[in-house]
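Asks: this one's structure only:
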């Protein structure tokens, strides 16, 4: 999915005025290609380019015009970018494709701006059921599931088939929307039949593998990886150590919310590259702040070089707001890592 803002297009004069209003109101990008092709507005090319880039599109005009232009570009329903069509009067915002990829939310944003009506037809929304894609987007959770698993779980929820639900981390208000055929488990469920399962956890549970393509996994961003390193450490060494530490702790790297280190490591290429691979930010703390944190494995050698007895453990505790570590310092030749879980109510 593209991180670019939605592109707003229109073909008629009334539509162009509405497109300006939508772009300004939502902070979207107004395409320079506006108007019908006969007016010299190359909206076809701009529309096609946005779809190739997996960019959300808000298209103003008749639904039929945009459906015909969309047709040659349709692919996998789980990968098509959001397309919301708005009529020239601004009465309706119709989600054509990509509803679970942000289209439904985008249509609701448009209708709030225009005081119109969102036309949403995705089954989970109209039936009041949770969707794995929507849950991931709503809470910022990472979705770990194959195409087959996502379709299997979604179909089971919509069709009234049994669904085993297990959650041990992350926001829980969505559980109130579970239908009667979704059964909550207080311990990780094991696969016993052809039913589906939805796991919300930051742990690498062995039960998950047993479900195969019948389970979707959502990873709440609940973990902090504290990192210390010698100058010149490679990202490969940092990632290898980090993954080994998470495996030892039985935790999922998909739930890493951030990496944390000392301010003097804020420009360390190996750490920055590792954070980029995990798609998480790096948060750094001054050595005096790190030195004030009580840790289980302080190092006099580290203190001699960087004026704090701990980098990885202290950084993990400060960034998470936790009082204890899930995994104390583990080290390789040039790196150290410690893991903490973000305390409830702490800034992430």
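Replies: Now that the structure is in, tell me what you want to look at. Values in this document were obtained by computation on a predicted structure and should not be read as measured data. Numbering: from 1, shown residues only.

Asks: only C-alpha atoms from now on, for both contacts and neighbour counts.
Replies: Noted.

Asks: where does pLDDT dip in the stretch 151-300 of the chain?
Replies: The stretch 151-300 of the chain contains no residues with pLDDT under 70.

Asks: give the buried residues for the helix or strand containing residue 113.
Replies: Here residue 113 sits within helix 103-114, counting by DSSP states H and E. Neighbour-count burial for helix 103-114, with 16 or more other C-alpha atoms under 10 Å as criterion, is recorded at 103-111, 114.

Asks: over to stretch 219-232?
Replies: Buried, per 16+ other C-alpha under 10 Å, within stretch 219-232: 219-229.

Asks: make TSV out of those and add secondary structure.
Replies: Shown next, in TSV, are the buried residues of stretch 219-232 (DSSP: H, G, I helix; E, B strand; the rest coil):
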residue	secondary structure
219	strand
220	coil
221	coil
222	coil
223	strand
224	strand
225	strand
226	strand
227	strand
228	strand
229	strand
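
Asks: wait, which of those is closest to residue 27?
Replies: Residue 27 lies nearest to residue 221 out of the buried residues of stretch 219-232, by C-alpha to C-alpha, at 26.9 Å.

Asks: and the gap between that closest one and residue 311?
Replies: 22 Å (C-alpha to C-alpha, to the nearest Å).

Asks: what's the answer for residue 76, then?
Replies: Distance, residue 76 to residue 311, by C-alpha to C-alpha: 45 Å.

Asks: what do you get for residue 24?
Replies: Distance, residue 24 to residue 311, by C-alpha to C-alpha: 45 Å.

Asks: and residue 327, what does it touch?
Replies: Residue 327 sits next to 245, 249, 338-340 when contact means C-alpha atoms under 8 Å, 6 or more residues apart in numbering.

Asks: just the pLDDT for it.
Replies: With respect to pLDDT, residue 327 scores 97.

Asks: distance of it from residue 238?
Replies: 16 Å.

Asks: residue 76 and residue 311: which is more packed in?
Replies: The neighbour count for residue 76 versus residue 311, taken as other C-alpha atoms under 10 Å, is higher for residue 311 (35 against 8).

Asks: for the more buried one, what are its contacts?
Replies: 226-228, 261-262, 290.

Asks: quick one, grab the pLDDT at residue 101.
Replies: Residue 101 is assigned a pLDDT of 77 by the prediction.

Asks: pretty sure it is touching residue 136, no?
Replies: No. If you go by C-alpha atoms under 8 Å, residue 101 and residue 136 don't touch, sitting 9.8 Å apart.

Asks: who has more neighbours out of the two?
Replies: Set side by side, residue 101 and residue 136 show more neighbours around residue 101, with 22 against 19, by other C-alpha under 10 Å.

Asks: from residue 132, how far out is that one?
Replies: As judged by C-alpha to C-alpha, residue 101 and residue 132 stand 11 Å apart.

Asks: and the helices in this structure?
Replies: Here the chain has its helices, by DSSP state H, at 13-26, 43-52, 63-70, 103-114, 123-126, 132-139, 147-159, 206-211, 235-249, 269-278, 287-291, 300-306, 312-320.

Asks: and these: which comes nearest residue 256?
Replies: Per C-alpha to C-alpha, nearest to residue 256 of the helices of the chain: helix 269-278, 7.8 Å.

Asks: what does that closest one contact?
Replies: In contact with helix 269-278 (C-alpha under 8 Å, 6+ apart) are residues 227, 232-236, 238-239, 253-254, 256, 258-259, 265-266, 281-282.
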